[in-house]
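1. structure for the following, please:
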Amino acid sequence: MRITEQLRKPLREANYLNVENTERYRPILRLFYLKYERMKYWLYQEEVYEELRQDPFFADYTMEQCQQDLTALEGWGNLITIQDSKNVRTLEEFKNRRYQYQLSEYTVEIERMVIHLENLFVEGASLEPTLLERIREELSRLSEMQEASVDKTYGWWQNLENDFVRLNQNYQDYMRALNSARAEELMRTREFLVFKDHLIEYLRTFVKALQVNVTVIESYMKQVREEQIEAIVGKIVEYEKNIPRIEVQADPELIRERTLGKWTSIEEWFVGRAKTKNSDTPDRAFLETAGRESEAVRVFDATNEIIRKITRYATRLSERSNMGANRREEYDKVAQMFGKCQDINAAHRLAACVFGIETALHMKGDMPRETDSINSGIFDEEPHYVKLKPRVRNYREKAKRSGIVDRSAEQERIRQEMMEQIKREREMLDGYIKDGTLDFASLPVIEPQIRDVFLVWLSKALEREDETAKTEDGRTYHLAGNREETCVVKCTDGDFTMPAFSICFDD
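-> Numbering: from 1, shown residues only. Reported below is the predicted structural model:
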């Protein structure tokens, strides 16, 4: 998509549809449009005023208000004005500037759209298999159009474009009506069963026509060469360019781009992007594409889904009506059995057989069984005990009381292990201290945990004014070394650059 300057600018011609005095602006422009359809293009202010005064809504309308409204519409570009100097007799009449007003081209199209919206009925949409057949026949003549005249090619293209637009719009409107909330409500009523067979047959006819025609259209489009499309587009551009238009200059590049875009839409609707593997579903094998699925595939799936939904609703309605009939017969039979009971006790026993226990407790769980036999009954197996806990918030299980256990031996063992570990770590750290001094610049490659211990010693001393501190085992040390120089401490996880400190132990 190319964002042009014309696309970004505001459409001032549509301002009259939603402003403060819309109730006056819209009747004025509708009057101009009705006169335009009768080929009366220019109107005077007096003519507009007299036409509006005939309606009771404009009973208090004044000529000054009419002049203001026409000026506002002219400022938005809805009306085009020209000074009428043909019937001027005096200089005073010329100074008063008597104007004629005409609708602009944008406003004509806007009014057409508004009238279409006012009379928009989606219920009139339909699925027309004949459009598919006509598109198929028109595409079969594509190679013939390459050699045909410009007029004939342009007429062929207009027919193909109009049929494709009608097919696409009618299908979307029809499917939107079937998927609406109102249609869902109707499908749940019994009146829907009367015409559901006709609706399903109508949709299946469209699906069959879609399947047959799209298969043929796909084979046609695979044979189309790029040179053919370029030749046809060139003829369409030539025809459009030769149409005489007032105040409008036809842009050949824009016409060409628009025509190629429409052809791409038709191609993607029926064929998609590129051919792929065969589908697992045989019904869709004739439409399957890769990369980007063709619109025909989605149309095929959506229509079949509508058929399935209609069938489901119809089945539910049928089951509901049959269920009601069967229940009535069952209730009648049960009532006769109760009527034949001799006393109330017999009726209680019958009720227990028919309705079951009034308040039954059902429990289920993963309980171990002694046998997997299906013939084993409940009374043949051992009972399974389940300990239930009360459902209260402050419930706690009772702690089990036990005597004091002597754990001194285990504690001594743990203490010895910790002492051994501390001793090993100290010996490892002392291995890096030479003559009572730990020089960071002369350290070999060390482990990260050793580096962390040395940095902790360094930070403790730096936090004190006299730069002295103690290690974990009580040894006193102070900082020394040339701090203006830097050194690199090599570790197994990387290199660490720092000032060339030294830690000197006092003992």
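2. what's the end-to-end length of stretch 216-233?
-> Stretch 216-233 has an end-to-end distance of 23 Å (criterion: Cα to Cα, to the nearest Å).
3. for that stretch, buried residues please.
-> Val216, Ile217, Glu218, Tyr220, Val224, Ile229, Ile232, Val233 (16 or more other Cβ atoms under 10 Å). To be clear about C-beta, it is placed using only N, CA and C from the backbone, and glycine gets the same treatment.
4. I'd like those residues as CSV, with secondary structure, distance to Leu186 and pLDDT appended.
-> Conversion of the buried residues of stretch 216-233 to CSV gives the following (DSSP: H, G, I helix; E, B strand; the rest coil; distance: Cβ to Cβ, whole Å; pLDDT from 0 to 100):
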residue, secondary structure, distance to Leu186, pLDDT
Val216, helix, 36, 86
Ile217, helix, 34, 85
Glu218, helix, 36, 83
Tyr220, helix, 40, 82
Val224, coil, 44, 81
Ile229, helix, 45, 86
Ile232, helix, 46, 87
Val233, helix, 46, 86
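5. CA atoms of stretch 14-29 as PDB?
-> Only the C-alpha atoms of stretch 14-29 are listed here, as PDB (Å, rounded to 0.1, in the frame of the first residue of the first chain):
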ATOM      1  CA  ALA A  14     -17.900  15.400   4.300                       C
ATOM      2  CA  ASN A  15     -18.100  18.000   7.100                       C
ATOM      3  CA  TYR A  16     -21.700  18.800   6.400                       C
ATOM      4  CA  LEU A  17     -22.800  15.200   7.500                       C
ATOM      5  CA  ASN A  18     -21.900  15.800  11.200                       C
ATOM      6  CA  VAL A  19     -21.800  19.400  12.300                       C
ATOM      7  CA  GLU A  20     -24.000  21.700  14.300                       C
ATOM      8  CA  ASN A  21     -26.400  22.700  11.500                       C
ATOM      9  CA  THR A  22     -26.500  19.400   9.700                       C
ATOM     10  CA  GLU A  23     -30.300  19.400   9.700                       C
ATOM     11  CA  ARG A  24     -30.100  22.400   7.300                       C
ATOM     12  CA  TYR A  25     -27.100  21.500   5.300                       C
ATOM     13  CA  ARG A  26     -28.200  18.000   4.300                       C
ATOM     14  CA  PRO A  27     -31.600  19.100   2.900                       C
ATOM     15  CA  ILE A  28     -29.900  21.800   0.900                       C
ATOM     16  CA  LEU A  29     -27.400  19.400  -0.700                       C
END
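6. buried residues, it. List them.
-> Ala14, Asn15, Tyr16, Arg24, Tyr25, Pro27, Ile28, Leu29.
7. what segments of the stretch 1-150 of the chain are helices?
-> Per DSSP state H, counting those that start in this stretch, the stretch 1-150 of the chain carries helices over the ranges 5-8, 22-37, 45-53, 63-75, 91-95, 105-118, 129-140, 142-145, 150-178.
8. mean pLDDT and distance to Phe300 added to these, as TSV?
-> Output for these, formatted as TSV (pLDDT from 0 to 100; distance: least, Cβ to Cβ, whole Å):
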stretch	mean pLDDT	distance to Phe300
helix 5-8	77	34
helix 22-37	90	42
helix 45-53	90	53
helix 63-75	91	49
helix 91-95	56	70
helix 105-118	87	30
helix 129-140	86	12
helix 142-145	84	24
helix 150-178	85	11
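9. so which of those helices is nearest Leu462?
-> Closest to Leu462 of the helices of the stretch 1-150 of the chain is helix 5-8 (Cβ to Cβ; 63.2 Å).
10. which residue is nearest the middle of the protein?
-> Arg298 (16.0 Å; Cα atoms, centre = their mean).
11. put together CSV for the buried residues of stretch 14-29, with distance to Pro368 on each row.
-> Below are the buried residues of stretch 14-29 laid out as CSV (distance: Cβ to Cβ, whole Å):
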residue, distance to Pro368
Ala14, 78
Asn15, 81
Tyr16, 83
Arg24, 88
Tyr25, 85
Pro27, 87
Ile28, 90
Leu29, 86
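12. nearest to Ala314, of those?
-> Ala14 (46.2 Å).
13. for that closest one, list the residues it contacts.
-> Residues counted as contacts of Ala14 (Cβ atoms under 8 Å, 6 or more residues apart in numbering) are Ile110.
14. now swap in the one 3 residues further on and tell me
-> Shown here is Leu17, whose contacts under the criterion Cβ under 8 Å, 6+ apart are Arg26, Ile110, Val114.
15. what about 10 Å?
-> Leu17 makes contact with Tyr25, Arg26, Leu29, Ile110, Val114 under the criterion Cβ atoms under 10 Å, 6 or more residues apart in numbering.
16. quick check: the fourth one touching Glu13?
-> Yes: with contacts defined as Cβ atoms under 10 Å, Ile110 counts as touching Glu13 at a distance of 6.2 Å.
17. which residues do those two both contact?
-> Common neighbours of Ile110 and Glu13 (criterion: Cβ under 10 Å, 6+ apart): Asn78, Ser104.
18. more neighbours: those two, which one.
-> A direct count of neighbours by other Cβ atoms under 10 Å for Ile110 and Glu13 places Ile110 higher, at 20 against 17.
19. for the chain, what helix or strand is lowest in average pLDDT?
-> Lowest on mean pLDDT, DSSP states H and E among the helices and strands of the chain sits helix 91-95, with a mean of 56.
20. circling back: Three-state assignment for the residue nearest to the centre of the chain, please.
-> Here Arg298 is recorded as helix under DSSP: H, G, I helix; E, B strand; the rest coil.
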